[in-house]
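Q: Fold the stuff below for me.
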Amino acid sequence: MSHLKQAVKLIQEGDRYSGHGRFFSEFIDDWAYRQTGLYNLSKPLSETQSKIAHQLSHVIRSAWETCPGEDFIGHVIEECGGSGHLSFFRTPPALSTLMAKMMGGSSGPEGFADICCGSGSLTLAHINQTYLDGGAKAVARLSITGEDLSGNKIKVAMLQIVNLLDILGEGKPLYVHSLRLSEVNSLSREEGIVQYDFTGTNNPRCRLNEEQKGLINKALLASIPAEVISEVLRVPVNLVRWEEKIGARNHKVNLCETA
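A: Residues are numbered from 1 along each chain as shown. The predicted structure is shown next:
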C-alpha cells in the first residue's frame, strides 16, 4: 500500500474518534506541540487517537524520506477533501522543483519569500534543490520567510521543513541562516497566533514539558536509542540527546560528590 493510501486510511480511522474531518487537524496540532513545545493543545488526543497518530507520523516520515522536498502532507490534505472553509491547492511537485531550479544560487545570504505558503511546497522544493546544488553550506545561507492565513498550514509547513532538514542532514546538523513562519493575512498584515522564529538550531524555541522529560529519562535508563524515543514521542531527536547529556553530566557530578 502506498504512503498516501496508508495515511488516508489512518486519518479516516482517527475521524471515528474525533468527528468527520477533525482528526488530521488535531493530529497536526499535537505533533507541532511535541516538536516545539509551543501553543498548548485545546484538546489533547485520547490514548486511542495517540496510537493512530503514532502510526500516521511514522507513515508521513517514511514518505518524506522516500521523496525529500515533496509536500506530502499537502497531498494528504488534498486527498482528504481540502482544508475546511479555506480553499487549498498545493503546488504540483514538478512545478515546485522547476521554480526552485529557476531561483539559482548565491555566494552570500539568499532571501526567499513564500507568501501564502500553504503547507510549504515551494519552500520545501527550494531547500531541497539548494542542498542538491550546493550542499550544507548553500542551505546555511538561506533566509526564508513563509506566510499563510491558516495557522494550521503554518504548523504543517514548520513540521515539513524541520523534518526535511533533519533528513537531508543524515544525522548531522543542517541549518538555514534564518526562517520565520507566520500566521498572517498577507493583505491586511494582521497577524494570527502561530509564529515560528528559527535561529541557528532549526527548532523554534523548542522546549520539553516535564511529562516528556520524565518519559525520555525513563526510556534512556532502559537503554532505548535516542532515535527510537524521538519517533515514539514525536519530539526532536536533538532534544532527546540533550536530555541524555544532562543525565550523564548529573551522574558524573553525583559520582564526584560521593567520592
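Q: And residue 127, how close does it get to residue 242?
A: 24 Å (C-beta to C-beta, to the nearest Å). The way it works is simple: take the backbone N, C-alpha and C, and place the C-beta from them, glycine included.
Q: Who has more neighbours out of the two?
A: For the pair residue 127 and residue 242, the greater number of neighbours falls to residue 127 (27 against 15), based on other C-beta atoms under 10 Å.
Q: Now the strand or helix carrying residue 48: buried residues?
A: Secondary structure assignment for residue 48, by DSSP states H and E: helix 47-66. Judged by neighbour count using 16 or more other C-beta atoms under 10 Å, the buried positions of helix 47-66 are 49, 52-53, 55-57, 59-61, 63-64.
Q: and that helix, what does it pack onto?
A: Under the contact criterion of 3 or more C-beta pairs under 8 Å, 6 or more residues apart in numbering; DSSP states H and E, helix 47-66 touches helix 3-18, helix 23-36, helix 72-79, helix 151-169, helix 226-233.
Q: Just the CA atoms of that helix, as CSV, please.
A: Extracted as CSV, the C-alpha positions of helix 47-66 are listed here (Å, rounded to 0.1, in the frame of the first residue of the first chain):
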residue,chain,number,x,y,z
GLU,A,47,-5.0,7.1,24.1
THR,A,48,-6.6,5.5,21.1
GLN,A,49,-6.1,8.7,19.0
SER,A,50,-2.4,8.8,20.1
LYS,A,51,-1.8,5.3,18.9
ILE,A,52,-3.2,6.2,15.5
ALA,A,53,-1.2,9.4,15.5
HIS,A,54,2.0,7.5,16.1
GLN,A,55,1.3,5.2,13.2
LEU,A,56,0.4,8.2,11.0
SER,A,57,3.6,10.1,11.9
HIS,A,58,5.6,7.1,11.0
VAL,A,59,4.0,6.8,7.6
ILE,A,60,4.5,10.5,6.9
ARG,A,61,8.1,10.4,8.0
SER,A,62,8.7,7.4,5.7
ALA,A,63,7.1,9.3,2.8
TRP,A,64,9.4,12.3,3.4
GLU,A,65,12.4,10.0,3.5
THR,A,66,11.3,8.4,0.2
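Q: I'd like the mean pLDDT over it, please.
A: Per-residue pLDDT values across helix 47-66 average out to 95.
Q: roughly how far apart are the closest residue to residue 176 other than its chain neighbours and residue 114?
A: For residue 176, ignoring the flanking residues on the chain, the nearest one in space by C-beta to C-beta, 6 or more residues apart in numbering is residue 142 at 4.4 Å. Noted for residue 142: a distance of 11 Å to residue 114, by C-beta to C-beta.
Q: anything in contact with each of these two?
A: Here residue 142 and residue 114 have residue 126 as joint contacts, going by C-beta atoms under 8 Å, 6 or more residues apart in numbering.
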